[in-house]
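**Student:** Predicted model follows, preceded by the sequence.
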There are 2 protein chains.
Amino acid sequence: MSGSILVVNSGSSSFKYQLIDILTERRLASGLVERIGEELGRVIHTVSGTGEQQDETSFETPIPDHTSGFALMLNAFGEHGPSLEGNAPVAVGHRVVHGGARFHQPTIVTPAVVRDIEDLAALAPLHNPGAVQGIEAARSAFPSVPHVAVFDTAFHQTLSPAAFSYAIDAGLAERFRIRRYGFHGTSHRFVSCAAAEFLGRPVEELNQIVLHLGNGASACAVAGGRSVETSMGMTPLEGLVMGTRSGDIDPAVLFHLHRKAGLGVDELDELLNRGSGLLGMSGRGDMRDVIAAAESGDGPSGLAFEVYLHRLKHYVGAYYAQLGRLDTIVFTAGVGENNALVRAGALEGLEGLGIRIDPQRNEARSRIARVISSDDSSVTVLVVPTNEELEIARQTLACTGRKGGLRADGRP
Amino acid sequence: MSGSILVVNSGSSSFKYQLIDILTERRLASGLVERIGEELGRVIHTVSGTGEQQDETSFETPIPDHTSGFALMLNAFGEHGPSLEGNAPVAVGHRVVHGGARFHQPTIVTPAVVRDIEDLAALAPLHNPGAVQGIEAARSAFPSVPHVAVFDTAFHQTLSPAAFSYAIDAGLAERFRIRRYGFHGTSHRFVSCAAAEFLGRPVEELNQIVLHLGNGASACAVAGGRSVETSMGMTPLEGLVMGTRSGDIDPAVLFHLHRKAGLGVDELDELLNRGSGLLGMSGRGDMRDVIAAAESGDGPSGLAFEVYLHRLKHYVGAYYAQLGRLDTIVFTAGVGENNALVRAGALEGLEGLGIRIDPQRNEARSRIARVISSDDSSVTVLVVPTNEELEIARQTLACTGRKGGLRADGRP
Ligand SMILES: Nc1ncnc2c1ncn2[C@@H]1O[C@H](COP(=O)(O)OP(=O)(O)O)[C@@H](O)[C@H]1O
Ligand SMILES: Nc1ncnc2c1ncn2[C@@H]1O[C@H](COP(=O)(O)OP(=O)(O)O)[C@@H](O)[C@H]1O
């Protein structure tokens, strides 16, 4: 079978896209349409060449809405390639952040599904409305192929009630749908399957801890290919220290800041989601800058780095206990794939738990999956690059029921 | 040396007391003065007899303030014994919940210390003002002996910045003194020392996890007698599932409840501190009732029990990782000392981490320190009854510089 999948990740004022070839799983093109609704929008369209080579064009123009954004994207394909006739998308896959407890798997978009995603905006007010705008615009642009919604939360729908319930009033929790949903599910799924494949072992046999460390960051305990615990909660705010988010914190800190600093709920929300984490502690939200500053003696950056590692180690231990037995720890995403200091620091002192990093393997730079533990480590530590767009493409194809090509079938 | 220590634990409308003999460490009497400031207050005074025997008297009378409460206490000692002449207190020890970052150890009360404790009411508005009232009334009642403040937070002042810092704005954190303080320190200290003593090993050599499971509950990682991590945070709200407190929760749940359920900050505070935990999930705040209901098929109680255990296991794993090497896990307080189901459930499936409970030992009922792990468990699991009043008495005596008797000296 030939053809492609178009993957769309849409927010309220921008969307990203990738065109992925079904047979080769190669990315043929990618792009970003941003500042939708502002005075001047921008389109960046990148055509993949051979190897690492690629060809980027960008231009600015008013983009009143998502529909006109998709028209501009089609123009860009027409002008700069690749041709959408030669590589016709057989389906469009949409990343949707919040699938609530409603969506356990990728789902063909129908008007009822759109209504459900809109309804879940109650839980993800910053994310789901943008996804709906993207879906509707994409359906007008590609009216004759199936559209599939792929949810960040779906992979974690296998959590047990003991793992997903907060210890709060049961009536309120039910009425307002308060529970742990977890996010980054597409990445956790992709990476845990890729790790199994890399090791040449069935994912069903492996107990894994996946550490997705990007701007957002989350840990996931994966038993036999199923998510059994994850660190993000009802929203992506809970858990690890992130670029600008606090992760775990005594909720009473909010009461205290309200009473003593006079901050309202919206300001507290903004503070914890956008002014905390590495940025709040050190003034720097990018891990590279934090490390560089720490190395040149900046105290707050050094502390931010230490807190980041301390929290990571906390979750590694906690999930080891939840799993009972542990085969692999897998680092992924921007920080996890690229930073040896973070990986070494997070697992330092865990030799007694059978976890031993090999410093040379850890420091070797590479863009492919690799082992970084020593041969006498009973837990195998890996770095595995994530690829959420490819995972969405695979799941989209599988969901449309087409055979061949992208390999989402037959996995748990 | 002969004599006694009077231990006082004072809230804003009640106080508890114990008179403890210095040489024997026996409790001579205990009591409760409650409903201070209400129309009708109550005094309960209990005189210890031989063995388990004790003699309780109680009466109701208006108690306008703490000072009149102490006068009534003195009357009760005069009428029902033991005589405060024969067992004269050589010092009074006061439990104080919040010592902030200011108090690292028990401290002789001076007017400056009282001002500092008052000042820390910003961090513990429900607790510190009552402690100050108790201290001032007790100083009028016992003007010629030293008074010592013993802080719940002090034991955790050894936490590293990586462990006590939240990932929030550094300026706000400093200005509003936002950090992890930890509580139950007196109990964690007592129990970790008692565990070492029971095992006949120096506390300096042991890495321990202490699980204090009462109405409030907290975990503490103790390395060589020093607290290195603990689950309660800036306030006692964070961490484990408790009788009425939520423990850990995505802070964004509060934003959601504010927006969707219209709850204000004070209501959210009330909800998380008094209407959550076991009570919120199941309608029952007492673990005995939760278990009984779960056993007779009540779904919400069963879930509350599972969430309680899941959270416990999370912290056992997390603190194992922070310690790197683990010698003992110690259960204490009401639930921890008395409930074999909780102990077994919290550590179930951790054999791969070297933790193995012996079912028979675990189920044997006893009031003294005991081992409940099997002989082939590499981590020794203990039950050790806590005694916060005795620890306060020991620290009070040590702080006054007197020699002999209660054994607080020479410990870390
Ligand atoms: N060599 C590196 N060392 C540390 N951090 C890095 C390195 N390379 C990339 N990063 C970090 O990765 C993060 C982005 O990761 P990514 O997975 O792209 O994030 P997301 O998808 O969550 O936006 C940035 O904070 C960036 O600083
Ligand atoms: N056998 C038991 N099984 C379960 N819980 C018990 C048992 N005995 C006492 N408890 C619980 O212990 C808790 C009180 O513990 P305690 O240490 O006295 O609390 P605190 O000092 O925090 O008020 C209560 O919730 C009570 O139900």
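**Tutor:** Happy to help now that I have it. Numbering: from 1, shown residues only, chains lettered A, B, ... in the order given. Ligands and ions are numbered 1, 2, ... in the order given.

**Student:** tally of neighbours for the closest residue to ligand 2 within the stretch 1-150 of chain A?
**Tutor:** Of all residues in the stretch 1-150 of chain A, A:Ala101 sits closest to ligand 2, at 31.2 Å by CB to the nearest ligand atom. From N, CA and C alone the C-beta is placed, and that goes for glycine too. For A:Ala101, the count of nearby residues is 13 (other CB atoms under 10 Å in any protein chain shown).

**Student:** For it, which three-state class applies?
**Tutor:** Put simply, A:Ala101 is coil when judged by DSSP: H, G, I helix; E, B strand; the rest coil.

**Student:** could you check the distance from it over to A:Thr230?
**Tutor:** For A:Ala101, the distance to A:Thr230 equals 15 Å [CB to CB, to the nearest Å].

**Student:** Ok, A:His184 next?
**Tutor:** 8 Å.

**Student:** A:Leu279 too?
**Tutor:** Distance from A:Leu279 to A:Thr230, by CB to CB: 23 Å.

**Student:** for A:His45, same thing?
**Tutor:** 35 Å.

**Student:** Please enumerate the strands of the stretch 1-150 of chain A.
**Tutor:** A:4-10, A:14-21, A:27-34, A:41-48, A:54-61, A:89-96, A:107-108, A:147-151 (DSSP state E, counting those that start in this stretch).

**Student:** Pipe these into TSV and attach mean neighbour count and mean pLDDT per row.
**Tutor:** What follows is the strands of the stretch 1-150 of chain A, written out as TSV (neighbours: other CB atoms under 10 Å in any protein chain shown; pLDDT from 0 to 100):
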stretch	mean neighbour count	mean pLDDT
strand A:4-10	27	97
strand A:14-21	23	97
strand A:27-34	21	96
strand A:41-48	19	96
strand A:54-61	12	94
strand A:89-96	24	97
strand A:107-108	18	97
strand A:147-151	27	98
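
**Student:** out of these, nearest to B:His127?
**Tutor:** Checking the strands of the stretch 1-150 of chain A against B:His127 by CB to CB gives strand A:147-151 as the closest, at 44.1 Å.

**Student:** Quick check: phi and psi at the closest residue to A:Gly239 other than its chain neighbours.
**Tutor:** Nearest-residue entry for A:Gly239: A:Ser231, 3.0 Å, with adjacent residues in sequence omitted and distances by CB to CB, 6 or more residues apart in numbering or on different chains. Here is the backbone geometry of A:Ser231 (degrees, to the nearest 10): phi -90, psi -30.

**Student:** Could you double-check that A:Ser231 lies in contact with A:His314?
**Tutor:** No. If you go by CB atoms under 8 Å, A:Ser231 and A:His314 don't touch, sitting 9.5 Å apart.

**Student:** chain center to stretch A:113-122: distance?
**Tutor:** Offset of stretch A:113-122 from its chain centre (CA atoms, centre = their mean, to the nearest Å): 20 Å.

**Student:** again but with stretch A:252-259, I slipped
**Tutor:** Taking CA atoms, centre = their mean, the mean C-alpha location of stretch A:252-259 is offset from the chain mean by 30 Å.

**Student:** Give me the buried positions along that stretch.
**Tutor:** A:252-258 (16 or more other CB atoms under 10 Å in any protein chain shown).

**Student:** What separation do you get for the closest residue to A:Ser30 other than its chain neighbours and A:Gln395?
**Tutor:** Excluding the flanking residues, the one nearest A:Ser30 by CB to CB, 6+ apart is A:Gln18, at 4.5 Å. According to CB to CB, A:Gln18 stands 14 Å off from A:Gln395.

**Student:** and the helix ranked longest in chain A with helix B:299-323, angle?
**Tutor:** For chain A, the helix that runs over the most residues, judged by DSSP state H, is helix A:299-323. Using axes from the mean of the first three to the mean of the last three CA atoms, to 10 degrees, the inter-axis angle of helix A:299-323 relative to helix B:299-323 is 130 degrees.

**Student:** On the C-terminal side of helix A:299-323, identify the next helix or strand.
**Tutor:** Per DSSP states H and E, helix A:299-323 leads on to strand A:328-332 as the next helix or strand towards the C-terminus.

**Student:** right, is that next one up against ligand 1?
**Tutor:** No. Strand A:328-332 lies apart from ligand 1 when judged by CB under 6 Å from any ligand atom; the minimum separation is 7.9 Å.

**Student:** Can you name the element that comes right after that strand?
**Tutor:** Sequence order places helix A:333-338 as the next helix or strand after strand A:328-332, per DSSP H and E.

**Student:** Do that next one and chain B come into contact?
**Tutor:** No. Helix A:333-338 lies out of reach of chain B by CB under 8 Å from any CB of the partner chain, never closer than 14.5 Å.

**Student:** Distance-wise, check the residue of the stretch 1-150 of chain A found nearest ligand 1 relative to A:Leu32.
**Tutor:** Proximity of the stretch 1-150 of chain A to ligand 1 (CB to the nearest ligand atom) peaks at A:Asn9, 10.1 Å away. A:Asn9 sits 10 Å away from A:Leu32, going by CB to CB.

**Student:** where do the contact lists of the two overlap?
**Tutor:** Common contacts of A:Asn9 and A:Leu32 (CB atoms under 8 Å, 6 or more residues apart in numbering or on different chains): A:15-17.

**Student:** My read is that A:Gly283 contacts A:Pro300, right?
**Tutor:** Yes. In this structure A:Gly283 lies within contact range of A:Pro300 using CB under 8 Å: 6.9 Å.

**Student:** residues touching whichever residue of the stretch 201-350 of chain A sits closest to ligand 2, list them.
**Tutor:** Residue of the stretch 201-350 of chain A nearest ligand 2, by CB to the nearest ligand atom: A:Ala252 (17.7 Å). Taking CB under 8 Å, 6+ apart, we find A:Ala252 in contact with B:233-235, B:237-238, B:269, B:272-273.

**Student:** Would you show me how to pick out the buried ones of those residues in PyMOL?
**Tutor:** Of those, the buried ones can be selected in PyMOL as follows, counting by 16+ other CB under 10 Å:
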select buried, chain B and resi 233+234+235+237+238+269+272+273
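
**Student:** Would you point out the most distant pair within the contacts of A:Ala252?
**Tutor:** Farthest pair in the contacts of A:Ala252, by CB to CB: B:Gly233 and B:Asp269, 14.4 Å.

**Student:** dump the residue contacts of the residue in chain A positioned nearest to ligand 2.
**Tutor:** Nearest to ligand 2 in chain A, going by CB to the nearest ligand atom, is A:Ala167, at a distance of 14.1 Å. Contacts for A:Ala167 (CB under 8 Å, 6+ apart) come out as B:241-242, B:245-247, B:249, B:276-278, B:280-281, B:304, B:307-308, B:311.

**Student:** now, which of the residues you listed sits nearest ligand 1?
**Tutor:** For those, the nearest to ligand 1 is B:Ile249 (23.3 Å; CB to the nearest ligand atom).

**Student:** Double-check that that closest one belongs to a strand.
**Tutor:** No. Using three-state DSSP, the assignment for B:Ile249 is coil, not a strand.

**Student:** Report the separation between it and chain A.
**Tutor:** 5 Å (CB to the nearest CB, to the nearest Å).
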